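K.L.:
How does the following fold in three dimensions:
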Amino acid sequence: MCTSRYINPFTDFGFKKIFGEEANKDILIDFLNSVLPAEDQIYDLTYKSTEHLPNNDTDRKAIYDLYCENDQGEKFIVELQRAEQTHFKDRTIYYSSFPIQEQAKRGKGWDYELKAVYVISIMDFIFDETEEDFHHIVQLKNQKNKVFYKKLKFVYLELPKFRKQEKDLKTNFDKWLYLLNNITTFEQMPSVLKEHIFRKVLKLAEYTALPKADQELYDEDLKRFRDYVNTLDAREDKGRREGREEGREEGREEGREEGLKEGKKEQAIENAKNFLQMGLSIEQVAQGTGLTIPEVKEIANTILRG
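P.N.:
Below is the predicted model:
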């Protein structure tokens, strides 16, 4: 059962309710224009089938969260990723290949000209801990860091890295990320989200305003989402426990190794003392014990002082 005023955009139902309805495509257009570069702004979109079949029956198909085309025929894949996935970047590259291939035209007249393809990944996880940036725009570049091909772009948004508070919001981009991160905590419409598009989103996302059938669909989806999150949390807890245990074991092993090293060193020092008292040279003692010449000299000085 939903306990917040607004639906969760990280559920399948919530994401498609906010961004995936033809009647409210101005919401998706506004969001995309806030995350895309200025030269790639969108004026109109048409929703297309999200299921893409491979050329061969044995190959894997791709199912996008959203797939759209603008008035110039350029393609936009919009993906919501809730948790880190092995080879996540590879997956986005693979997905981009479908709208590229579907542009092929039969016959001899096609000259291979392609329309641009954009892949926008909204991530509820961090995939690069080494960087503070959370808004990544990726293109093909050559060895001189110049763009080699302008018609393929990948946009990655690491939402957990966005930590601005309401008082810090300046741009439309800031407000969109703040809304996505915090909408389920809103008890009322924040005054900072005064623009028409955000008020439209909040009105659309209000749980009690949904038809009864949609509320039931959302409740089921929310339960699946919570179960999924709980599974991830349990997996992370298990990983942390195993990591701590592994760390303790490694610590014990390191302690044993360190003890052995210290024991060998102490034995080598005792041997050096005996060899020196037998009249062997510094060089001979160093060779026989594995100690360095400076170490043997220090032991010899200690014997003389004693």
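
K.L.:
ok, Leu36 - contacts?
P.N.:
By CB atoms under 8 Å, 6 or more residues apart in numbering, the residues touching Leu36 are Ile42, Tyr118, Ile120, Lys153, Val155. C-beta here means a position set from N, CA and C on the backbone, and glycine is covered the same way.

K.L.:
wait, Pro99 sits on Lys75?
P.N.:
Yes - using CB atoms under 8 Å, Pro99 makes contact with Lys75 at a distance of 3.9 Å.

K.L.:
how close does His135 sit to Leu291?
P.N.:
Going from His135 to Leu291 by CB to CB, to the nearest Å gives 57 Å.

K.L.:
The two: who's more crowded?
P.N.:
Leu291 (20 against 13; other CB atoms under 10 Å).

K.L.:
Distance-wise, check the more buried one relative to Val117.
P.N.:
In this view, Leu291 and Val117 are 66 Å apart by CB to CB.

K.L.:
With adjacent residues omitted, what lies nearest to Val229?
P.N.:
With CB to CB, 6 or more residues apart in numbering as the criterion, Val229 has its nearest non-adjacent residue at 7.9 Å, and that residue is Arg82.

K.L.:
my bad, Leu280
P.N.:
Using CB to CB, 6+ apart, the nearest residue to Leu280 is Gly288, at 7.3 Å.

K.L.:
show me where the stretch 1-150 of the chain has helices.
P.N.:
12-19, 25-35, 88-101 (DSSP state H, counting those that start in this stretch).

K.L.:
just to confirm, which helix or strand has the residue nearest to Leu280 in it?
P.N.:
Taking DSSP states H and E as the criterion, Gly288 maps to helix 282-289.

K.L.:
Now do the lengthiest strand in the chain: everything it contacts.
P.N.:
Longest strand in the chain, counting residues (DSSP state E): strand 147-158. Defining contact as CB under 8 Å, 6+ apart, one finds that strand 147-158 is touched by 35-37, 40, 92-93, 96, 100, 114-123, 125-128, 134-142, 177.

K.L.:
sorry, back to before: so for Ala205, which of the helices of the stretch 1-150 of the chain sits nearest?
P.N.:
Ala205 lies closest to helix 12-19 among the helices of the stretch 1-150 of the chain, at 5.9 Å (CB to CB).

K.L.:
and that closest one, what other elements does it pack with?
P.N.:
Where contact means 3 or more CB pairs under 8 Å, 6 or more residues apart in numbering; DSSP states H and E, helix 12-19 is packed against helix 25-35, helix 196-204, helix 212-277.
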